[in-house]
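S.K.: Got a predicted structure here, sequence first:
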Amino acid sequence: MNEIIAVGGSPEQNLGGRLRVILSDLKDEYLQPHDIPWIVGFSGGKDSTLLAQLVCEMLLALPPRQRQRRVHIVANDTLVESPVIAGHLEVVLKRMGEAASPLRLPLTIAKTTPPTEQTFWVNLIGRGYPSPSRIFRWCTDRMKIAPTTQYIRSQVDASGEAILLLGVRRSESTQRARSVERYENGQRLNPHNSLQNCFVYKPIVELTTDEVWQTLLQSTPPWGGTHRELVTMYRNAGGGECPLVTDKSEAPSCGTTSSRFGCWTCTVVEKDKSAESFIEAGYGDLEPLLEFRDWLKAIREDGSMRMAARRNGTLNFVGEGRLIPGPFTLEARREILERLLAVQNDVDIPLISADEIEVIRKIWAEDAITMIAVKPAGQVVSTAVAT
């Protein structure tokens with residue numbers, strides 16, 4: 001990496017010095033006398049990209065014989081990522097994988113995905129879960145936390161412990177600063193909030209956003225290519241990425257009021273500003289996706305498309321007897337699938353798999369027999385909708 005040194009001040013007071021301290025800290029931790037694997041959380045955004053770059057640069061600075069500890073670079077694909085983001089992530093992961101052997105880096109490149117039974121479409125179209133909201137954000141746990149947690153646990157089971165490196169920064173947001181402070185113990189490694197025998201390491205926690213960008217803009221990734229694609233993606237999106245999430249306390253980073261980019265189906269935010277920015281930047285094929293996303297958000301509030309009873313058959317009331325609607329009706333779910341397939345055909349981008357559709361139809365068949373529907377007027381009737 002090209003050294004970035006400010007004029008004046010001690011090494012610790014300029015970016016070049018701060019980066020040297022981070023690299024030294026990474027090296028010291030990596031060379032500890034044990035073989036606990038590292039797991040680098042990688043979203044493809046600026047912070048995780050810088051973290052992965054610094055880890056690789058530290059490894060390259062070591063003699064090959066000292067690169068003994070395995071480093072897993074783990075990304076998460078919810079299967080409903082923005083096509084632009086998904087494409088960028090795929091390219092970068094491929095470059096990393098192809099560079100590992102020639103550079104003699106002990107890297108394992110992995111991408112976690114939710115199982116077919118827990119994908120966004122199986123839950124929304126199959127089980128009828130209403131499109132996610134701030135109150136009922138069922139997507140984060142099923143699509144992000146659970147798949148990555150399973151990967152981490154597999155490494156813990158194999159090695160006894162694991163160290164999770166995250167590119168979180170104190171200055172990223174007020175919420176992030178509170179999260180960092182909540183779990184700090186004054187040590188380099190902190191126990192994970194919910195994963196036993198997993199320790200969290202945050203090497204770039206004190207860097208500012210400007211320092212992250214300055215470092216990336218004045219350097220090239222060890223795995224090849226440039227950071228120009230990343231810079232262009234942020235410029236076009238007009239915001240930041242939804243990072244890899246391994247704990248519910250970090251969930252507010254997904255679906256905030258900022259223009260983060262992540263799932264194109266995200267209905268937690270009022271408006272998908274990043275998608276709008278991408279479209280304005282020339283990604284016209286995203287417009288049908290944005291329109292479909294807006295429709296998904298709107299029908300969540302349409303009582304005629306929702307059952308009264310929850311999937312377990314109970315009614316949910318709040319306040320003075322106000323009924324909270326249950327899942328989408330079978331008719332609504334069928335309409336959602338039909339519209340989704342039409343959009344998929346329009347944009348010529350895979351949006352839902354045949355395996356998902358098979359699971360969805362199986363759930364529909366079961367629900368047609370066992371579930372209870374409530375008409376808008378409140379009359380409870382048994383359902384017998386053909387699948």
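M.R.: Okay, I see it.

S.K.: quick one: the strands in the stretch 151-300 of the chain?
M.R.: 162-165, 190-191, 198-201 (DSSP state E, counting those that start in this stretch).

S.K.: Save these as JSON lines, and put in mean pLDDT and mean neighbour count too.
M.R.: Glycine gets a C-beta too; all of them are placed from N, C-alpha and C. Converted to JSON lines, the strands of the stretch 151-300 of the chain look like this (pLDDT from 0 to 100; neighbours: other C-beta atoms under 10 Å):
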{"stretch": "strand 162-165", "mean pLDDT": "98", "mean neighbour count": "25"}
{"stretch": "strand 190-191", "mean pLDDT": "95", "mean neighbour count": "16"}
{"stretch": "strand 198-201", "mean pLDDT": "97", "mean neighbour count": "20"}
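
S.K.: Would you reformat these as JSON lines and include distance to residue 93?
M.R.: Shown next, in JSON lines, are these (distance: least, C-beta to C-beta, whole Å):
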{"stretch": "strand 162-165", "distance to residue 93": "16"}
{"stretch": "strand 190-191", "distance to residue 93": "27"}
{"stretch": "strand 198-201", "distance to residue 93": "21"}
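
S.K.: okay, stretch 227-235 in PDB with CA atoms only?
M.R.: Below are the C-alpha coordinates for stretch 227-235, written out as PDB (Å, rounded to 0.1, in the frame of the first residue of the first chain):
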ATOM      1  CA  HIS A 227     -11.200   0.600  -5.900                       C
ATOM      2  CA  ARG A 228     -12.700   2.700  -8.700                       C
ATOM      3  CA  GLU A 229     -15.700   0.400  -9.000                       C
ATOM      4  CA  LEU A 230     -16.400   0.800  -5.300                       C
ATOM      5  CA  VAL A 231     -16.100   4.500  -5.400                       C
ATOM      6  CA  THR A 232     -18.400   4.700  -8.400                       C
ATOM      7  CA  MET A 233     -21.000   2.400  -6.700                       C
ATOM      8  CA  TYR A 234     -21.100   4.700  -3.600                       C
ATOM      9  CA  ARG A 235     -21.300   7.800  -5.800                       C
END
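
S.K.: Which residues does that stretch contact?
M.R.: If you take C-beta atoms under 8 Å, 6 or more residues apart in numbering as the criterion, stretch 227-235 is touched by 44-46, 49, 84-85, 88, 91, 213, 216-217, 219-221, 240, 281.

S.K.: same thing with stretch 281-290?
M.R.: By C-beta under 8 Å, 6+ apart, stretch 281-290 touches 82-84, 235-236, 264, 272, 275-276, 278-279, 343, 346-349, 351.
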